[in-house]
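Asker: 3D model of this:
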Amino acid sequence: MTNKSVYEVIDSGINYIIRGYDNWNNEQVLDDKIDAFPNTIHWQYGHVLTIFETVLSLCEQNEVDVAKYTKLFGYGSSPDNWGDEDIPSVDEIFTHLKTLGERARQLTDQQLEAELTETIAGCSTLDELLVLNAIHIPVHAGKIEEMSRLLRQQQ
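Answerer: Numbering: from 1, shown residues only. This is a model prediction of the structure:
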């Protein structure tokens, strides 16, 4: 069973990256790309949502089309390959990001404790994947902040 602090870590991480959008002036560098990074800040926000939504999809609690988002923002994807795809806006991504903590809290103990059909990233239950996602969010928050600084210096 996931304890209350995991949900607080999720909320803190999500709130931090959303507040950072304005604090780091990311609007002006959202889709800029430099060789130092394989993707963009827009991709980073979408990636955080995609990975979390993928976990929620294991118990049919996702709000986005996981297949579409994985193609755009999943591991190994790149804005270089977006082509003519309809890319979700940052506002759309943020709308879903803001609900993650509450949706995670709605998972039942039975859902959290259920064994996965296969181990994912070393995790064998949804509960373990939720904890991993709580860690994943601040990792990307740091990357977004780093990218923002470098991209703004390049302007």
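
Asker: And for the residue nearest in space to the middle of the chain, nearest residue in space, chain neighbours not counted?
Answerer: Here the mean C-alpha position of the chain is nearest to the C-alpha of V48 (Cα atoms, centre = their mean), at a distance of 1.0 Å. Computed as Cβ to Cβ, 6 or more residues apart in numbering, the closest residue to V48 that is not its neighbour in sequence is H140, at 5.0 Å. Placement of C-beta: from N, CA and C, glycine included.

Asker: quick one: the one you found is in a helix?
Answerer: Yes. Secondary structure assignment (DSSP: H, G, I helix; E, B strand; the rest coil) places H140 inside a helix.

Asker: so how far is V131 from it?
Answerer: 16 Å (Cβ to Cβ, to the nearest Å).

Asker: on that earlier part again, what helix or strand does the residue nearest to the centre of the chain sit in?
Answerer: Element membership for V48 (DSSP states H and E) is helix 41-57.

Asker: Cool, thanks, talk later.
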